[in-house]
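In: when you get a sec, could you give me coordinates for this:
(one chain, ligands or ions: 1)
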Amino acid sequence: MNKKLLIEGMSCGHCVNHLKTALTEDIEGIDVLEVNLEDKYAIVKMDDSVNPEELKNVIEELGFELKDIQ
Ligand code: 9UX
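Out: Numbering: from 1, shown residues only. Next up, the predicted model:
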């Protein structure tokens, strides 16, 4: 299912690449479809098996903050 992740703290194109790489490589069952730096969100295709806490942790390890999953 596609989800919108509201993410604060990304400030450049490298941040976007870090996020894409971490989500794709560190978490089983996620594909990143789109990251919008300006509007602070990512659209991901995510299996039901993905643990939201793990998602939050991976994002926080990058120095960003996961505000909501919609
Ligand atoms: Mo850009 Mo992002 O220089 O954590 S990589 S600010």
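In: once you drop chain neighbours, what's closest to residue 47?
Out: residue 29 (3.5 Å; Cβ to Cβ, 6 or more residues apart in numbering). (Glycine included, C-beta is placed from N, CA and C.)
In: the one helix or strand residue 6 maps to pairs with which strands, and in what direction?
Out: Applying DSSP states H and E as the criterion places residue 6 in strand 2-8. The strands beside strand 2-8 in its sheet (DSSP bridges) come out as strand 41-46 (antiparallel), strand 65-69 (antiparallel).
In: and residue 5, how far from residue 67?
Out: 8 Å (Cβ to Cβ, to the nearest Å).
In: residue 1 is in contact with residue 43, isn't it?
Out: No: in this structure residue 1 lies outside contact range of residue 43 using Cβ atoms under 8 Å: 11.2 Å.
In: how about the residues of this structure that lie near the ligand?
Out: By Cβ under 6 Å from any ligand atom, the residues of the chain that approach the ligand are 11, 12, 14, 15, 63.
In: make it 5 Å
Out: 11, 12, 14, 15 (Cβ under 5 Å from any ligand atom).
In: those helices in the chain, which residues are they?
Out: Ranges of helices in the chain, per DSSP state H, are 13-26, 52-61.
In: mind putting those into TSV with mean neighbour count and mean pLDDT?
Out: Listed next are these as TSV, based on neighbours: other Cβ atoms under 10 Å; pLDDT from 0 to 100:
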stretch	mean neighbour count	mean pLDDT
helix 13-26	15	97
helix 52-61	14	97
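In: distance to residue 34 added to these, as CSV?
Out: Below are the helices of the chain laid out as CSV (distance: least, Cβ to Cβ, whole Å):
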stretch, distance to residue 34
helix 13-26, 10
helix 52-61, 16
